[in-house]
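> Provided below for reference: sequence and predicted model.
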Amino acid sequence: LAKTTQPISMDSYEGQEVNITCSHNNIATNDYITWYQQFPSQGPRFIIQGYKTKVTNEVASLFIPADRKSSTLSLPRVSLSDTAVYYCLVDPLNTGFQKLVFGTGTRLLVSP
Amino acid sequence: DTEVTQTPKHLVMGMTNKKSLKCEQHMGHRAMYWYKQKAKKPPELMFVYSYEKLSINESVPSRFSPECPNSSLLNLHLHALQPEDSALYLCASSQGTGKNTEAFFGQGTRLTVV
């Protein structure tokens, strides 16, 4: 299972773009990268998933370079409600069972 | 229905009690998971039931035992717990394999062992 490394915490202000990077040097060919968001005392919530290049949905973008050894979650124009912990997970999805193992995560604090 | 339902939401139990946590999903998912989460820590995977096969985190003590009566239900039986087992217990489900697999989490059971 590929190990992930993220910054422990990040601070931002409302309206700014936030980029959270995750390092996964041992990522395997069949691994996908998935990001989850968690608020206190709630279960994590899926944000976005990708394999390579760029993926965008209504809440975030995910940038994955060609070597796939890292990925960056981009949150455009954050608000106070984006204050949460963000987790990057790596799992083999097409050929293996999803293991859903969480790393330490990044605690994002958005201030007014 | 994209919900994972966990009951109860809160549980207080003594160290000699036996209790069970329940998790239910109706999305046809073939994988279900139990996690333990302490304050300001990431969820720690305890058990995975994937296609009727159980995978165990070797570090989970035997006072926790999962049970999967059918593909929609996953129970966690608790007995002789310790105060350090107090935590938020989260259940999740997913397709388990395949492209674009999103996992859905329940709201958790807040367990206090006294």
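The structure has been received and is ready for your questions.

> which residues touch the residue of chain A found nearest chain B?
Taking Cβ to the nearest Cβ as the measure, chain A has A:Gly43 as its residue closest to chain B, at 2.9 Å. From N, CA and C alone the C-beta is placed, and that goes for glycine too. Residues in contact with A:Gly43, defined by Cβ atoms under 8 Å, 6 or more residues apart in numbering or on different chains, are B:4, B:90-92, B:105-108.

> ditto for A:Arg107
Counted by Cβ under 8 Å, 6+ apart, A:Arg107 has contacts A:8-10, A:84-85.

> For those residues, give me JSON lines that also has neighbour count and pLDDT.
Converted to JSON lines, the contacts of A:Arg107 look like this (neighbours: other Cβ atoms under 10 Å in any protein chain shown; pLDDT from 0 to 100):
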{"residue": "A:Ile8", "neighbour count": "8", "pLDDT": "96"}
{"residue": "A:Ser9", "neighbour count": "11", "pLDDT": "97"}
{"residue": "A:Met10", "neighbour count": "16", "pLDDT": "98"}
{"residue": "A:Ala84", "neighbour count": "21", "pLDDT": "98"}
{"residue": "A:Val85", "neighbour count": "21", "pLDDT": "98"}
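
> re earlier: now the residue of chain A closest to chain B: closest residue in space that isn't a chain neighbour?
Nearest residue to A:Gly43, sequence neighbours excluded (Cβ to Cβ, 6 or more residues apart in numbering or on different chains): B:Phe105, at 2.9 Å.

> How about A:Lys3?
A:Lys3's closest residue in space is A:Asn26 (Cβ to Cβ, 6+ apart), at 6.3 Å.

> So what does the one you found have for phi and psi?
Per-residue torsions, A:Asn26: phi -100, psi 20 (degrees, to the nearest 10).

> so which strand or helix has residue 47?
No chain specified, so I'll use chain A. strand A:45-50 (DSSP states H and E).

> Hmm, no, I was thinking of chain B.
Using DSSP H and E, B:Phe47 falls in strand B:44-50.
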